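Participant: Curious how this folds, go ahead:
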Amino acid sequence: MKRYFSKLAGALVLSSLCAMNTQALTVADGETHVLEPDNYYLEELILGANSTLVVKGETRIFTQTLQSKNEAKIVYEKGAASAVQDKWLRFEAMDASQMEGMLMIDGTGADGVMGATGATGANGRDATWDFPSVKGAKPGSPGSKGGTGVKGENGMNIEVNLLNLPATAFVTITSNGGNGGIGGIGGQGGQGGKGKYGRAPKDGGDGGQGGDGGNGGNGGDIWAFLLYESGISEEKLAELRIQLESNIIALPGQGGVAGNGGVGGVGGAPGSSHWSSSMRGQGGAGMPGNLGAAGEAGQNGAVIKDLKAAEAVRPPIGVYAAFGTVYDHEQNPLERVSVQLEGREGFAITDATGSWRFEDLPSGEYTAVASKTGYEFEPQTFMINQQDAEVSIQLQAMPEVSYLDKCIAKFSDYFGEKIDEAFDCGNDNAFVCQETTGSVLGEVVGIAIPKSQQGDFYYYWGTWGPLSLSFCD
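Facilitator: Sure, this is the predicted structure:
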């Protein structure tokens, strides 16, 4: 068993409710619907006969009710998240009693593409007259090695949880790794130089070695669970175990086949004899390049099938999530912003995408308060009304010279009034300066604040002197 299962259990904690809430999602007979990577909370999911629900990356689908007709499919769009090594799909239906026929879930990864063809070798130099002597011909250069085939994509790791699966409904789950790409063809050898002026022609360059084949992708791991309600009898549990084996067909994800090594490049054409050469015949053709090495096959995935209590999957009733993003005035996401909800303990810190989230919130009115040094924010009130709430918070950058104004106001008897606007000054513009009018207590004509707003600020009264910033508060 690969490392993934413990990661899946940790990453998909039950309290992580969904970012998208909707009443129902219907994919009609024969139609296709695409879901972007996200968490989806549905009251009802309807999959028509031969319909296809496409997922493109890390996705959780939680539905209270599942209706599916025969040959409905949930499939991963091959290559949509090829850079993600451990992508997952978690599918949960709390009432699958309206399923009919076969539901197929497939997380197979894309095959790797063929490596690039190696570059052709340079042609050899022809024999040339270079007074007072003749320079002989040169052989062609060998072709370059072909590029390595691209590794096959790993299959998607899949967890399926179903409650009330009918005896006449079946689920097939598979997630194979993509096959490795074939190695690129070796480059053709360069043509041998022509013989002239009594000099012999030369051999063509050898063909380049074929590229190595790409490794196969790893097969995806699969978890398949039939759910049961609390208080179920041992007899019913035994029946569920039989149904688990007969109605849930979970095929271990097969590792992708290794890509074959690329074919060696063709040897370069031999150089020919020119009429002016006393040497007759041709140079030899270059040797073909060697076959590239094959890649390695991907690892097979693992399968776990078991029973699980429905309470371990069902979200708590009556509690929801509030989440959102903090932006600056130019709509750039801000990280390391503290967000609190008035009247509740704890806080959230935004990540690099500006995102924050609170869990386990009952319906009601809330006020979000954000704070970050150098920014100001108006508290924002929002409602949670029996569904998760998304809140966008806008922060405005405070003027960089605001502390200058504070110091001038605090010591107005000394510094007087501002003259024009603030400007950069001193020490490679590490300070923000402000000219002032001075006062009756002395000719103080300037004040400077470090841009970091730490340490001392400086005032000019014939000479520059320091004063701690703390005195301005």
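
Participant: what bits of the protein have low per-residue confidence?
Facilitator: The model of the chain has pLDDT under 70 over residues 1-23, 273-283, 315-319, 386, 388, 393-402, 426-429, 439-444, 461-463.

Participant: Longest helix in it, please.
Facilitator: helix 234-247 (DSSP state H).

Participant: Which other helices and strands does that one contact?
Facilitator: Counting contacts by 3 or more C-beta pairs under 8 Å, 6 or more residues apart in numbering; DSSP states H and E, helix 234-247 is packed against strand 169-174, strand 222-228, strand 303-309. To be clear about C-beta, it is placed using only N, CA and C from the backbone, and glycine gets the same treatment.

Participant: That one vs strand 303-309, what angle?
Facilitator: Using axes from the mean of the first three to the mean of the last three C-alpha atoms, to 10 degrees, the direction of helix 234-247 lies 150 degrees away from that of strand 303-309.

Participant: Whatever helix or strand comes next after helix 234-247: partners in the sheet, and parallel or antiparallel?
Facilitator: Once the chain leaves helix 234-247, the next helix or strand it forms, by DSSP states H and E, is strand 248-250. Strand pairing for strand 248-250, determined by DSSP bridges: strand 169-174 (parallel).

Participant: quick one, the strand it pairs with and strand 222-228 angle?
Facilitator: Between strand 169-174 and strand 222-228, the angle comes out at 160 degrees (the same axes, to 10 degrees).

Participant: Contacts for strand 169-174, please.
Facilitator: Strand 169-174 is contacted from outside by 68, 96, 99-108, 158, 160, 162, 165, 222, 224, 247-251, 253, using C-beta atoms under 8 Å, 6 or more residues apart in numbering.

Participant: Among those, which are located in strands?
Facilitator: Among the contacts of strand 169-174, the members found in strands (DSSP state E) are 68, 99, 101-106, 158, 160, 162, 222, 224, 248-250.

Participant: Which members of the residues you listed are the farthest-apart pair?
Facilitator: With C-beta to C-beta as the measure, no two of the ones in strands among the contacts of strand 169-174 lie farther apart than G101 and I222, at 20.6 Å.

Participant: hang on, the earlier thing: how far is the longest helix of the chain from where the chain is centred?
Facilitator: Here helix 234-247 shows a centroid-to-chain-centroid distance of 39 Å under the convention C-alpha atoms, centre = their mean, to the nearest Å.

Participant: Enumerate the positions of that helix that are buried.
Facilitator: Across helix 234-247, burial judged by 16 or more other C-beta atoms under 10 Å covers L240, Q243, L244, N247.

Participant: Can I get these in JSON lines including distance to G178?
Facilitator: Shown next, in JSON lines, are the buried residues of helix 234-247 (distance: C-beta to C-beta, whole Å):
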{"residue": "L240", "distance to G178": "35"}
{"residue": "Q243", "distance to G178": "32"}
{"residue": "L244", "distance to G178": "29"}
{"residue": "N247", "distance to G178": "29"}
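
Participant: three-state assignment of the nearest residue to G213 once chain neighbours are set aside?
Facilitator: Of all residues not flanking G213 in the chain, G259 sits nearest, at 3.1 Å (C-beta to C-beta, 6 or more residues apart in numbering). Following DSSP: H, G, I helix; E, B strand; the rest coil, the label given to G259 is coil.

Participant: and G259, how many neighbours?
Facilitator: Per other C-beta atoms under 10 Å, the neighbour tally for G259 reads 33.

Participant: Could you do I46 as well?
Facilitator: By other C-beta under 10 Å, 19 other residues sit near I46.

Participant: Name the residue closest to the centre of the chain, please.
Facilitator: V84 (5.9 Å; C-alpha atoms, centre = their mean).

Participant: Let me know the secondary structure of that one.
Facilitator: Here V84 is coil, with the state taken from three-state DSSP.

Participant: ok, now how distant is it from E390?
Facilitator: Using C-beta to C-beta, to the nearest Å, we find V84 at a distance of 25 Å from E390.

Participant: Over to D405?
Facilitator: In this view, D405 and E390 are 37 Å apart by C-beta to C-beta.

Participant: same thing with C425?
Facilitator: Taking C-beta to C-beta, one finds C425 at 45 Å from E390.

Participant: I figured T32 hits N50, correct?
Facilitator: No - the pair T32 / N50 is not scored as a contact, 10.0 Å apart, by C-beta atoms under 8 Å.

Participant: Report how many residues lie close to Q454.
Facilitator: Other residues within reach of Q454, judged by other C-beta under 10 Å, total 8.

Participant: got it, and the one 10 residues further on?
Facilitator: Applying other C-beta under 10 Å, we find 12 residues neighbouring W464.

Participant: Repeat that for T108.
Facilitator: T108: 23 surrounding residues under other C-beta under 10 Å.

Participant: ok, and the closest non-adjacent residue to it?
Facilitator: Leaving aside its chain neighbours, T108 sits nearest to N176 (4.5 Å; criterion: C-beta to C-beta, 6+ apart).

Participant: What strand or helix carries that neighbour?
Facilitator: Using DSSP H and E, N176 maps to neither a helix nor a strand.
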